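Visitor: Model the following, please.
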Amino acid sequence: ERRQNVNMLLGHGTKDETIPITVATKSYNYLNDLKNVTFKEYKDMGHCMSEEEINDVKMAFAKWVCHH
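Guide: The predicted structure follows:
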């Protein structure tokens with residue numbers, strides 16, 4: 001029941017050679033029973049964080065903080 005209130009943002013680069021996108025997708029599918037999980041693929045991004053992903057994280061935190 002407590003897990004239903006956990007917000008998660010999973011982001012992953014489609015060109016990540018360290019952790020393949022298939023592993024990230026499997027992780028999302030495993031966690032998908034939680035209703036507040038968002039998964040976003042970042043096209044052509046490797047094993048790093050892009051400015052787009054950092055902005056998505058900022059927006060997600062802002063949304064979560066404002067709703068609590």
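
Visitor: going forward, measure contacts and count neighbours with C-alpha atoms only.
Guide: Noted.

Visitor: and the residue nearest in space to the middle of the chain, backbone torsions?
Guide: With distances taken as C-alpha atoms, centre = their mean, Leu10 lies nearest the centre of the chain, 1.3 Å away. As for Leu10, its main-chain torsions (degrees, to the nearest 10) stand at phi -110, psi 120.

Visitor: got a list of what it touches?
Guide: Contact analysis of Leu10 by C-alpha atoms under 8 Å, 6 or more residues apart in numbering lists Ala24, Tyr28, Val37, Thr38, Phe39, Lys40.

Visitor: Without its sequence neighbours, what residue ends up closest to the last one?
Guide: In space, not counting the residues next to it along the chain, Lys40 is nearest to Gly11; the distance is 4.9 Å by C-alpha to C-alpha, 6 or more residues apart in numbering.

Visitor: again, but for the second one
Guide: By the measure of C-alpha to C-alpha, 6+ apart, the closest residue to Tyr28 outside its immediate chain neighbours is Phe39, 6.7 Å from it.

Visitor: who does that neighbour bridge with?
Guide: Beta-bridge pairing for Phe39 (DSSP bridges): Leu10.

Visitor: before we move on, back to that, so which pair among the contacts of Leu10 is furthest apart in space?
Guide: Spatial extent of the contacts of Leu10 (C-alpha to C-alpha) is set by the pair Ala24 and Val37 at 12.8 Å.

Visitor: what about those two, which has more around it?
Guide: Ala24 (20 against 16; other C-alpha atoms under 10 Å).

Visitor: Can you name every helix or strand that the host helix or strand of that one contacts?
Guide: Taking DSSP states H and E as the definition, one finds Ala24 inside helix 21-31. Applying 3 or more C-alpha pairs under 8 Å, 6 or more residues apart in numbering; DSSP states H and E, one finds that helix 21-31 contacts strand 8-13, strand 37-42.
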